[in-house]
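K.L.:
sequence and predicted structure below; questions after.
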Amino acid sequence: MCAGDDKNCPEFELHHRQFKKTLDRERRSFLRSSFAAAGGAAAMTAGGISLVTPKMAAAAEKHQPAQRGYHHLPANADTVHWGYFSKSLKPRVEISSGDFVTIEALTHHANDDAERMVKGDPGVESVYLWTKEKKGVNRRGAGPMDASLFGRGAGEGLGVHICTG
């Protein structure tokens, strides 16, 4: 039997309808449990409408951690890398399933208007620090560390995006 994906199957139409029916049922079940787990049931009940039965809410609650963690990952010279991805980078925060995380992000264009987007924010200033003596973020880009291509220093600036974490 095909799974509703083989148009050469003599019973394709029947199998496809059964597949969509199962998929719809699973999707609705997932949405209901996600809604309850996120506290949507309480919010809707406060407004006088409830889409989730008490039994469904209790079942969703069982799958939630007893204590949720709240994490904040600021964007600064210690928590960002600039212009590359690498599996050798150590994570800046580790979380448990169900935890909430606020991650600050920076645009690589912030220094286009340093007066409004960089100055006065110590985290951003630490990232954009780049003097003859020191760089706030040493490696910018995925280029070679020996500065052989452009002679600009570690990473050569070949990548542009600032990644937090």
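P.N.:
Noted; the coordinates are in hand. Numbers count the residues shown, from 1 in each chain.

K.L.:
this structure: strands as residue ranges?
P.N.:
For the chain, the strands identified by DSSP state E occupy 70-73, 80-82, 100-103, 162-164, in order along the chain.

K.L.:
between the ones you listed, which one is closest to residue 135.
P.N.:
With distances scored as CB to CB, the stretch of the strands of the chain nearest to residue 135 is strand 80-82 (9.5 Å). Yep, even glycine has a C-beta here, placed from its N, CA and C like the rest.

K.L.:
contacting residues around residue 116?
P.N.:
For residue 116, no residue meets the contact criterion (CB atoms under 8 Å, 6 or more residues apart in numbering).

K.L.:
tell me how far it lies from residue 101.
P.N.:
Taking CB to CB, to the nearest Å as the criterion, residue 116 is separated from residue 101 by 27 Å.

K.L.:
same question for residue 93.
P.N.:
Going from residue 93 to residue 101 by CB to CB gives 7 Å.

K.L.:
quick check: neighbours shared by these two?
P.N.:
With CB under 8 Å, 6+ apart applied, the overlap between the contact sets of residue 93 and residue 101 consists of 71, 73.

K.L.:
which of the strands of the chain sits most buried?
P.N.:
Each of these was given a mean neighbour count from mean count of other CB atoms under 10 Å, and the largest, a mean of 22, is that of strand 80-82.

K.L.:
and it, what other elements does it pack with?
P.N.:
Under the contact criterion of 3 or more CB pairs under 8 Å, 6 or more residues apart in numbering; DSSP states H and E, the helices and strands touching strand 80-82 comprise strand 162-164.

K.L.:
now mean pLDDT and distance to residue 88 too, for the strands of the chain, in JSON lines please.
P.N.:
Putting the strands of the chain into JSON lines (pLDDT from 0 to 100; distance: least, CB to CB, whole Å) gives the following:
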{"stretch": "strand 70-73", "mean pLDDT": "91", "distance to residue 88": "19"}
{"stretch": "strand 80-82", "mean pLDDT": "85", "distance to residue 88": "11"}
{"stretch": "strand 100-103", "mean pLDDT": "90", "distance to residue 88": "20"}
{"stretch": "strand 162-164", "mean pLDDT": "85", "distance to residue 88": "14"}
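
K.L.:
much appreciated, bye for now.
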